[in-house]
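*Asks:* Build me a structure from this.
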Amino acid sequence: MSTPSDQVPPSPPPSPPPYEPTGPVAPNTDDKNIAMLTHLSGIIFSIIVPLIVWLVHKDRAEKSYLVTEAKEALNFQITVLIGYVICWVLAFVIIGAFLTPLLWLFNLVFCIIAAIRVSQTGSYRYPFALRLIA
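*Replies:* Prediction:
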């Protein structure tokens, strides 16, 4: 028979693994710069650059920030492109000829605002954009 002094005390339970946040990772400087240029590129290249950035990075989990900003820029540029088509149709009734420069100015202003906001706060959501790519 064993005495209480002969018994080995049980080992303590293992400690839980250290806490690791699973939320979104803060964007690095390169990603913020690419996102800023993606928004600015809509002024000249319309949907081309946001589409390329989105297609290149959409399957990479570590680039989720860049994918989100590229989708936002792409959705806005698709909306502007639809606006240009409407202006072209309305040009036959003369009013489209007056709306086209206004649409170009609208695109210019919002692309610049988006680029500034992305460089400062890291994110921007256009107020007037169809969310076609989710």
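*Asks:* Counting neighbours, what do you get for Thr38?
*Replies:* Counted with other CB atoms under 10 Å, residues neighbouring Thr38 total 28. Using the backbone N, CA and C atoms, a C-beta is placed for each residue, glycine as well.
*Asks:* what about it, helix or strand, and which?
*Replies:* helix 29-40 (DSSP states H and E).
*Asks:* Name the residues of that helix that come out as buried.
*Replies:* Asp31, Lys32, Ile34, Ala35, Met36, Thr38, His39, Leu40 (16 or more other CB atoms under 10 Å).
*Asks:* Figure out how far that helix is from the centre of its chain.
*Replies:* Mean-position distance between helix 29-40 and its chain equals 10 Å (CA atoms, centre = their mean, to the nearest Å).
*Asks:* And for stretch 53-61?
*Replies:* 11 Å.
*Asks:* How about stretch 123-134?
*Replies:* 9 Å.
*Asks:* does the residue nearest the centre of the chain count as helix, strand or coil?
*Replies:* With distances taken as CA atoms, centre = their mean, Glu69 lies nearest the centre of the chain, 1.6 Å away. Classification of Glu69 using DSSP: H, G, I helix; E, B strand; the rest coil returns helix.
*Asks:* residues touching the nearest residue to it once chain neighbours are set aside, list them.
*Replies:* Distance criterion CB to CB, 6 or more residues apart in numbering; nearest residue to Glu69, sequence neighbours excluded, is Ala35 at 3.8 Å. By CB atoms under 8 Å, 6 or more residues apart in numbering, the contact list for Ala35 reads Pro27, Tyr65, Leu66, Glu69, Ala70, Val118.
*Asks:* need these in a markdown table with pLDDT, can you?
*Replies:* Below are these laid out as a markdown table (pLDDT from 0 to 100):
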| residue | pLDDT |
| --- | --- |
| Pro27 | 81 |
| Tyr65 | 94 |
| Leu66 | 94 |
| Glu69 | 95 |
| Ala70 | 95 |
| Val118 | 95 |
